[in-house]
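In: what would the 3D arrangement of this be:
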Amino acid sequence: MAEFTTGEAVALELPIARIPTRATAFLLDVLVQFMLGSMLMLGLGAALLYFGADSAWYSAAAVTTIVGTLVGYPVVCETLMRGRTVGKFALGLRVVRGDGGPIDFRHALTRGLAGVIVDFWMLGAFGAVGVITSMCSPNARRVGDVLAGTVVVHGQRQVPFPLLAVAPPWLVSWSGQLDLSGITEDLALAVRQYLSRINTLSPAAQASLGHTLLIAVCDRLQIPVPAGYPPVQILGAVIAERQRRTLAPIITPMVMAGPRPMPIARAS
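Out: Prediction:
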C-alpha cells in the first residue's frame, strides 16, 4: 500500500502493483501487440502489393507498424480505458497520477514513448531497465512512470472512501460557477481540517477561525465574501465543489459504498 495525497488534500491508500503482476500484464500486452502488428502488416502489405508499390513504401509500412503497435497501442488504450491496457485490465491494474487521479493523453504518451525508448525496447535491453528501475523505486515506478508522474496500482481492489464535504443546497449553484484553481492544497487542507473538527471547537473559535479561512479563500478566489451565510456553509460549499471536480474520477466506482459526509452547519 502507498499513500497518495490528491489535489483535494485527501489521503488515499492504494495497493501498488509490483513486478510479477506488471510483468504478466506486459507479456499479455506484447501478445496483443504481436497480433495487432501482424494483422496491420498483412493489411498494409496486401494494399501495397495490390497497388504495385516500390520498396520505399514497404519500409514506411514497416515503420508504421512498429510505431503503431509499440507506441500507439499503449497510448490509445491507456487514454481511452483510463489507465488500462488489455494486459492491465486482465490483471486488475490501472495507471494513475501521482496524486491518485486518472491519467490523460499526455501521461499515456510520455509512458508510451519512454517504454519504447528507455524501459523496454531501444535502450531497455528487453525490459531490463524497466525491471531494475522498478525494483529500486519504493512505488515500483519505471522510467516512464517517473517522467509522466504516474504509478501503477491494483485498480480493482477496494479503496478507502475519503471524507467528503457536502455543500448546502442553497450554495451549490453559486459554488459551481467558481474558478477554484487559485486555492492551494495547503489552504484546502486547512479548510478541510476546520470543517471536520468544527464540532470540537468552541463557538468563539468556530467564528474566529472560520472568518479567517473565509477571508483567505475569497482572497484566493478574488471574489467578495458572500453576505448572509455563516463561514462554515460557504467554506463547505467551496470545498465540496473542489472535491467534486477533483475526486469524481476516483470515487465514482465506489459510490455504492456510500460517502461519509462532513457535517455542514445550518444557519441558526
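
In: contact partners of stretch 37-52?
Out: 57-58, 61-62, 64-66, 68-69 (Cβ atoms under 8 Å, 6 or more residues apart in numbering). Backbone N, C-alpha and C define where each C-beta goes, glycine included.

In: out of those residues, which are buried?
Out: Buried by 16 or more other Cβ atoms under 10 Å: 61, 65-66, 68-69, out of the contacts of stretch 37-52.

In: helix/strand/coil for residue 31?
Out: Judged by DSSP: H, G, I helix; E, B strand; the rest coil, the three-state class of residue 31 is helix.

In: which strand or helix spans residue 113?
Out: Assessed by DSSP states H and E, residue 113 sits inside helix 105-114.

In: for that helix, which positions count as buried?
Out: 107-114.

In: nearest to residue 76, of those?
Out: Closest to residue 76 out of the buried residues of helix 105-114 is residue 108 (8.0 Å), distances taken as Cβ to Cβ.

In: ok, the nearest residue to the closest one once chain neighbours are set aside - how many residues close by?
Out: Nearest non-adjacent residue to residue 108, counting by Cβ to Cβ, 6 or more residues apart in numbering: residue 78, 4.0 Å away. Per other Cβ atoms under 10 Å, the neighbour tally for residue 78 reads 25.

In: residue 78 should be in a strand, yeah?
Out: No - remark: residue 78 does not belong to a strand; assigned using three-state DSSP, it is helix.

In: let's see which of the buried ones among the contacts of stretch 37-52 end up in helices.
Out: Those of the buried ones among the contacts of stretch 37-52 mapping onto helices are 61, 65-66, per DSSP state H.

In: and those residues as JSON lines, adding distance to residue 137 and pLDDT?
Out: Formatted as JSON lines, these follow (distance: Cβ to Cβ, whole Å; pLDDT from 0 to 100):
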{"residue": "61", "distance to residue 137": "38", "pLDDT": "91"}
{"residue": "65", "distance to residue 137": "32", "pLDDT": "94"}
{"residue": "66", "distance to residue 137": "28", "pLDDT": "93"}
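
In: thinking again about what came up before, just the closest of the buried residues of helix 105-114 to residue 22, please.
Out: Closest to residue 22, out of all of those and judged by Cβ to Cβ, is residue 111, at 12.4 Å.

In: skipping adjacent residues, who's closest to that closest one in space?
Out: Spatial nearest neighbour of residue 111, chain neighbours left out: residue 144 (4.0 Å); criterion: Cβ to Cβ, 6+ apart.

In: three-state assignment of that neighbour?
Out: Put simply, residue 144 is helix when judged by three-state DSSP.

In: mind listing what it touches?
Out: With Cβ under 8 Å, 6+ apart, residue 144 has these contacts: 110-115, 118-119, 130, 150.

In: which among those residues gets closest to residue 87?
Out: Using Cβ to Cβ, residue 115 comes nearest to residue 87 of the contacts of residue 144, at 12.5 Å.

In: right, and the closest one touches residue 129 too?
Out: No - in this structure residue 115 lies outside contact range of residue 129 using Cβ atoms under 8 Å: 10.0 Å.

In: list residues touching both of these two?
Out: Counting by Cβ under 8 Å, 6+ apart, the common neighbours of residue 115 and residue 129 are residue 142.
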